[in-house]
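K.L.:
My questions concern the predicted model and sequence given below.
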Amino acid sequence: MGERSQDDEERRGGKGEKVADWVDGRLGVHRLVGAKARRAAFPDHWSFLLGEICLYSFVVLVVTGVYLTLYFHPSMNQVRYDGGYAPLKGRMVSEAYDSTLRISFDVRGGLLIRQAHHWAALVFVGAALVHMMRVFFTGAFRKPRELNWLFGFLLLVLGMFGGLTGYDLPDDLLSGTGLAVVNGTILSVPVVGTYLSMFLFGGEYPGPDLVARFHTIHVLIIPALMVALLTAHLILMLRHRHTQYPGPGRTNANVVGLPVRVRAVKSAGLFFLVSGVVFAVAAIAQINPVWQYGPYRTDQVSAGSQPDWYMGVADGLLRVMPGWELTFHGHTLALDNLVPLTAGVGLFLALGAYPFIESWVTGDDRDQHLLDRPRNRPVRTALGVAWIGFYAVAMIGAANDIIATRFHVSVESVTWTVRVGLLAVPAVAYVVTKRIALGLQRADRDKVLHGRETGVVRRLPHGEFAEVHEPLGREELHLLTQHEQYRPIGPGPDAVGARGARRLRRRLSRGLYGEDTQITKASVREYREYRDYEEIAGEHTH
């Protein structure tokens with residue numbers, strides 16, 4: 001009694017299983033995951049890889065960031081540079097700039113790690129933005145995933161500010177030029193702008209603690225918040241299960257996809273692929289050569305300076321804004337900075353708040369696990385494309401000087417083109433996208449009713465020539481008709497004298513799902529009538 005036989009030891013397996021049993025006996029991982037989670041399925045679609053690219057580029061960011069932290073000195077104290085870059089030898093530079101050059105030229109593999117860190121940041125923000133666009137256009141933000149959308153939105157914003165604080169750490173002339181723009185924007189905030197600038201920079205700009213404070217924000221505060229948001233994001237995704245595209249056998253009550261083990265193997269392969277691509281690009285393509293810019297001086301501005309692409313929208317809005325100022329009770333409002341700041345913040349807040357607005361307008365309180373086809377939500381799709389259009393035009397504005405010199409046109413012409421484009425492009429993009437979506441809906445309706453074109457033309461008894469159509473299969477019929485079409489909120493008993501939120505809700509509802517916003521899909525009765533007609537016409541042609 002109480003003794004374990006040799007047969008029992010053999011049945012327990014080798015050392016690997018013993019280690020797994022030891023860990024599980026103390027952490028309870030097996031019981032924590034549970035049989036239900038192990039039997040879960042994950043839908044397989046290429047667009048779902050965007051979120052994983054975002055996650056794995058963040059892992060590369062953390063690993064390379066830890067390496068760089070070991071050699072970086074976040075101080076603005078002046079030292080004489082005597083490192084491996086000959087053109088700057090003997091120059092007085094900050095410790096931050098000095099350590100950045102030493103990482104690039106004297107630390108083994110330092111330049112590769114530094115460039116991989118920068119490229120991974122660009123990939124992370126790009127993947128996060130494209131992933132959010134995929135979620136937006138397919139309606140994956142609907143209940144119960146509103147909070148997950150909010151977490152993803154905050155991750156995008158934190159990633160942008162993480163990049164901003166990161167490329168300001170080397171204390172080179174390019175980053176200093178960007179910081180001067182940031183300081184001017186902060187100072188334009190009424191009442192509290194001066195206090196915010198003094199707090200951020202530790203005194204009068206640029207202040208003695210600029211690099212130290214940005215270093216704390218970049219390596220401690222922002223990563224901690226991002227890890228917390230990523231963890232919450234993944235937990236909620238597992239809790240609510242993954243969304244899936246519509247198709248045969250796929251409903252709100254099930255998930256059709258790969259087993260957990262198979263998905264985990266594919267995911268691990270993607271991690272190594274993302275890491276390999278980032279390091280390959282870092283080894284081939286130079287980025288942010290701070291030794292060419294030189295150390296930052298407040299009396300100098302780097303010519304042709306451009307921010308990283310994701311901050312281009314803010315820089316573009318600043319560049320094309322006229323130099324307006326307003327004096328109010330002895331105080332000057334710098335509208336040339338305040339208006340672009342407000343417009344940029346409003347652009348992103350609109351993106352973050354949209355799921356809650358749509359949920360409020362539709363009043364749909366059901367869990368939604370099937371994704372929308374973008375064509376079936378014409379107004380939402382058009383709004384998303386208009387948002388992208390505004391973002392793209394603002395980014396073009398951030399390169400107005402480069403465009404002017406490369407294409408030999410005046411900066412004023414480029415600036416005025418961007419100003420007009422900021423108003424015209426989103427409007428045109430909205431109208432065109434909406435018409436395309438409605439056209440695709442109409443084509444789907446015709447395809448459901450008439451069937452697929454065969455290319456065979458026959459003559460009817462009364463002389464008319466008609467093409468023979470082949471009925472669609474069950475799978476394709478399901479795909480083209482499974483979506484639900486909302487109806488605008490009606491007047492209701494409280495319409496008379498309705499004010500405030502109720503009236504706004506009705507107007508938004510009409511804008512999203514009212515007249516000319518969607519093509520009514522074919523009903524069962526219409527489908528049967530058309531099929532009967534086609535069968536009769538087919539009999540008459542024989």
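P.N.:
Thanks, I have the structure now.

K.L.:
Quick check: the most centrally placed residue in the chain vs Gln244, distance?
P.N.:
Compute the mean C-alpha point of the chain, and by Cα atoms, centre = their mean the closest residue is Leu129, 1.6 Å away. If you measure Leu129 against Gln244 using Cβ to Cβ, to the nearest Å, the figure is 23 Å. C-betas here are computed from N, CA, C, even on glycine.

K.L.:
Next: Gly276.
P.N.:
Separation of Gly276 from Gln244 (Cβ to Cβ): 29 Å.

K.L.:
When these two are compared, which one has more neighbours?
P.N.:
Neighbours per residue, other Cβ atoms under 10 Å: of Gly276 and Gln244, the larger number sits with Gln244, 23 against 10.

K.L.:
Kindly state the beta-bridge partners for the more buried one.
P.N.:
Each beta-bridge partner of Gln244 is listed here: Leu370, as defined by DSSP bridges.

K.L.:
need the contact list for it.
P.N.:
Pro43, His45, Arg250, Val255, Val256, Gly257, His369, Leu370, Leu371 (Cβ atoms under 8 Å, 6 or more residues apart in numbering).

K.L.:
Which residue comes closest to Gly152 once chain neighbours are left out?
P.N.:
Spatially, and ignoring its direct neighbours in sequence, Gly152 is nearest to Met132 (5.8 Å; Cβ to Cβ, 6 or more residues apart in numbering).

K.L.:
Please apply the same query to Arg213.
P.N.:
If the residues on either side of it in the chain are set aside, Arg213 comes closest to Gly202, at 6.1 Å by Cβ to Cβ, 6+ apart.

K.L.:
Now stretch 439-447: buried residues?
P.N.:
By neighbour count on 16 or more other Cβ atoms under 10 Å, the buried set for stretch 439-447 is Leu440, Gln441, Asp444, Arg445, Lys447.

K.L.:
Check stretch 322-335 too.
P.N.:
Along stretch 322-335, the positions that meet the burial threshold by neighbour count (16+ other Cβ under 10 Å) are Leu333, Ala334, Leu335.

K.L.:
quick one: which of the residues you listed is nearest Val301?
P.N.:
Proximity of the buried residues of stretch 322-335 to Val301 was ranked by Cβ to Cβ; the top entry is Ala334 with 18.7 Å.

K.L.:
what's Val62 in contact with, if anything?
P.N.:
Contacts for Val62 were tallied using Cβ under 8 Å, 6+ apart; they are Pro223.

K.L.:
Pretty sure it sits in a strand.
P.N.:
No - counting by DSSP: H, G, I helix; E, B strand; the rest coil, Val62 is not part of a strand but helix.

K.L.:
any idea of the pLDDT on it?
P.N.:
In the predicted model, Val62 carries a pLDDT score of 96.

K.L.:
just for the stretch 251-400 of the chain, where's the confidence low?
P.N.:
Under the criterion of pLDDT under 70, the regions of the stretch 251-400 of the chain flagged as low confidence span 303.

K.L.:
now the strands: where do they sit in it?
P.N.:
Listed in chain order, the strands found in the stretch 251-400 of the chain under DSSP state E, counting those that start in this stretch are 258-259, 325-328, 331-334.

K.L.:
for the chain, same thing?
P.N.:
41-42, 78-80, 92-94, 258-259, 325-328, 331-334, 452-459, 465-470 (DSSP state E).

K.L.:
could those go into CSV alongside distance to Val425?
P.N.:
Written out in CSV, the entries for the strands of the chain read as follows (distance: least, Cβ to Cβ, whole Å):
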stretch, distance to Val425
strand 41-42, 38
strand 78-80, 47
strand 92-94, 42
strand 258-259, 40
strand 325-328, 28
strand 331-334, 27
strand 452-459, 36
strand 465-470, 40
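
K.L.:
So for Phe137, which of the ones you listed sits nearest?
P.N.:
Within the strands of the chain, the stretch nearest Phe137 is strand 41-42; the backing value is 20.8 Å (Cβ to Cβ).

K.L.:
Could you spell out the sheet neighbours of that closest one, each with its direction?
P.N.:
When sheet partners are counted by DSSP bridges, strand 41-42 sits next to strand 258-259 (antiparallel).

K.L.:
re the thing from before, Produce a ChimeraX select command limited to the buried residues of the contacts of Gln244.
P.N.:
Buried residues within the contacts of Gln244, by 16+ other Cβ under 10 Å, are selected in ChimeraX with:
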select :43,250,257,369,370,371
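
K.L.:
For the nearest residue to Ala343 once chain neighbours are set aside, give its distance to Gly84.
P.N.:
If the residues on either side of it in the chain are set aside, Ala343 comes closest to Leu317, at 5.7 Å by Cβ to Cβ, 6+ apart. Using Cβ to Cβ, Leu317 is found at 40 Å from Gly84.

K.L.:
Tell me which of these two has more neighbours.
P.N.:
Legend: neighbour count by other Cβ under 10 Å for Leu317 and Gly84, higher for Leu317 (25 against 14).

K.L.:
about what we covered before: including distance to Pro307, could the strands of the stretch 251-400 of the chain go into CSV?
P.N.:
Conversion of the strands of the stretch 251-400 of the chain to CSV gives the following (distance: least, Cβ to Cβ, whole Å):
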stretch, distance to Pro307
strand 258-259, 40
strand 325-328, 24
strand 331-334, 20
